[in-house]
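Peer 1: Quick one: sequence and predicted model below, then my questions.
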Amino acid sequence: YLSLLNKQMTCFYSIDTNNNKLNLSSGLSNIKINSTPPTVGSYLAGLLEGDGHIILPKFANGKISYPYIAITFVNKDLPLINKLVEMFGGRLRFKNKENAIVWIVNTHKELINLITIINGYLRTPKIIKFNSLIVWLNERYHYNIPIHSADSSSLNSNGWLSGFIEAEGAFKVRYSEKRIDEKTNKVLTKGRIEVRFALEQRKNIGPHNEESYKPIMLKLHSFFCFNTDLRESKHNEGETYWIVEVTSLNRLNLLIEYLNNYPLLTAKRNDFEDWYKVYQLIADKKHLSEDDKLTIKIIKSNMNKKREVFNWDHLVYLNKV
């Protein structure tokens, strides 16, 4: 197995990635590969690189444990997860204590299908493990699944960023009222209303892999036309993250235009739509009237972790694929 990994390390960056057409050998002729539009493949790749795991085969006591791909969602995303299972197969593992559901794809046919759909769209260091899996499958089953380098195309070119935002992005509304000291008339806090978008990613892929997430975070930084240095943040017991945070309406409009083309599909879509309502009020300079301030306050109080009502009409997007 180690010899296979040595082989794959020499080919990750040497294969021509301009030809993204699948080159499956006759070994796959009896496996039906779904014809799925690139938007969905790139979206799923972004999801995998944000909240997914690639488990390579293990050898123990003369037996082999079969590889699988798993993507973790929060419980409220169950309608989307059920749709993905309907489309691509897999099974669900419910982790109630963690408020999470893990979508696991591990049967041979379904795993090959998912790999085929997302192959060529990965952008982060997770591509190393993904390609290791392909090498193992090619060697063991005599397939010829192509191995690609990291996708270097514009983030605007496909749905990868949408999937990555599902995992790592946050839409936030800030609402604070002006507070004045009654005795001195001194302003204690200024009233402020703003919308922001933030995306954080840990600096490295993990404790046993020092491959950095900085290149993809720099690309996201450039997506918003920043000319400043990429910022760092520290939390979770001192762990350091790269962070891209945006408050400028002009820069946020770049994201809005992108998400109109490559929509979010998890419950986060609901937060984005409410967030956009506040964005529009601010852009139209209608956010300072008492009625609109109340509207914004109500919107904020029902977003993100406080949300109890969900609309899943946007899943009709997947009916087109």
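Peer 2: Received the coordinates, thanks.
Peer 1: contacts, neighbours, all on C-alpha from now
Peer 2: Noted.
Peer 1: Low-confidence ranges, the protein, go.
Peer 2: When residues are selected by pLDDT under 70, those of the chain lie in 1-38, 62, 181-182, 187-188, 205-210, 236, 321.
Peer 1: Helices of this protein, start to end?
Peer 2: Taking DSSP state H as the criterion, the chain contains helices spanning 2-11, 38-51, 78-88, 108-118, 126-141, 160-168, 214-223, 249-261, 268-283, 290-301.
Peer 1: Select, out of the ones you listed, the one closest to Ile69.
Peer 2: With Cα to Cα as the criterion, Ile69 lies closest to helix 108-118 of the helices of the chain, at 7.4 Å.
Peer 1: What is that closest one packed up against?
Peer 2: When contacts are defined as 3 or more Cα pairs under 8 Å, 6 or more residues apart in numbering; DSSP states H and E, helix 108-118 sits against helix 38-51, helix 78-88.
Peer 1: right, so these: which one is the most enclosed?
Peer 2: Most buried of the helices and strands packed on helix 108-118 by mean neighbour count (mean count of other Cα atoms under 10 Å) is helix 38-51; its value is a mean of 23.
Peer 1: Mind putting the helices and strands packed on helix 108-118 into JSON lines with distance to Lys300?
Peer 2: Shown next, in JSON lines, are the helices and strands packed on helix 108-118 (distance: least, Cα to Cα, whole Å):
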{"stretch": "helix 38-51", "distance to Lys300": "25"}
{"stretch": "helix 78-88", "distance to Lys300": "23"}
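Peer 1: Am I right that Asn304 is in contact with Asp271?
Peer 2: Yes: using Cα atoms under 8 Å, Asn304 makes contact with Asp271 at a distance of 6.2 Å.
Peer 1: So for the two, which sits in the more crowded spot?
Peer 2: It is Asp271, of Asn304 and Asp271, that has more neighbours when counted by other Cα atoms under 10 Å, with 23 against 16.
Peer 1: For the longest strand anywhere in the chain, which outside residues touch it?
Peer 2: Determined from DSSP state E, the single longest strand within the chain is strand 192-202. Applying Cα atoms under 8 Å, 6 or more residues apart in numbering, the external contacts of strand 192-202 come out as 165, 168-178, 213, 217, 239-248, 252, 275, 278-279, 282, 287.
Peer 1: Can you give me the domain assignment for this protein?
Peer 2: The chain breaks down into these structural domains: 2-141, 157-320 (assignment by automatic domain parsing).
Peer 1: Of all those domains, which one is nearest Asp151?
Peer 2: domain 2-141 (5.1 Å).
Peer 1: what distance separates that closest one from the centre of its chain?
Peer 2: Taking the mean of its C-alpha atoms, domain 2-141 sits 15 Å from the chain's own mean (Cα atoms, centre = their mean, to the nearest Å).
Peer 1: Skip the chain neighbours and tell me the closest residue to Leu255.
Peer 2: Setting aside the residues directly before and after it, Leu255 is nearest to Phe224 in space (Cα to Cα, 6 or more residues apart in numbering), at 7.9 Å.
Peer 1: contacting residues for the most centrally placed residue in the chain?
Peer 2: Centre of the chain computed as the mean C-alpha position; nearest residue by Cα atoms, centre = their mean is Phe164, 1.8 Å away. Under the criterion of Cα under 8 Å, 6+ apart, the neighbours of Phe164 are 43, 46-50.
Peer 1: Which member of the residues you listed is positioned nearest Ile117?
Peer 2: For the contacts of Phe164, the closest approach to Ile117 (Cα to Cα) belongs to Tyr43, at 10.1 Å.
Peer 1: quick one: contacts for the closest one?
Peer 2: Applying Cα under 8 Å, 6+ apart, we find Tyr43 in contact with 158-164.
Peer 1: From the residues you listed, keep the buried residues only.
Peer 2: With burial judged by 16 or more other Cα atoms under 10 Å, the buried subset of the contacts of Tyr43 is 158-164.
Peer 1: do you know which of the helices of the chain lies nearest Phe59?
Peer 2: Proximity to Phe59, assessed across the helices of the chain by Cα to Cα, is greatest for helix 2-11 (11.4 Å).
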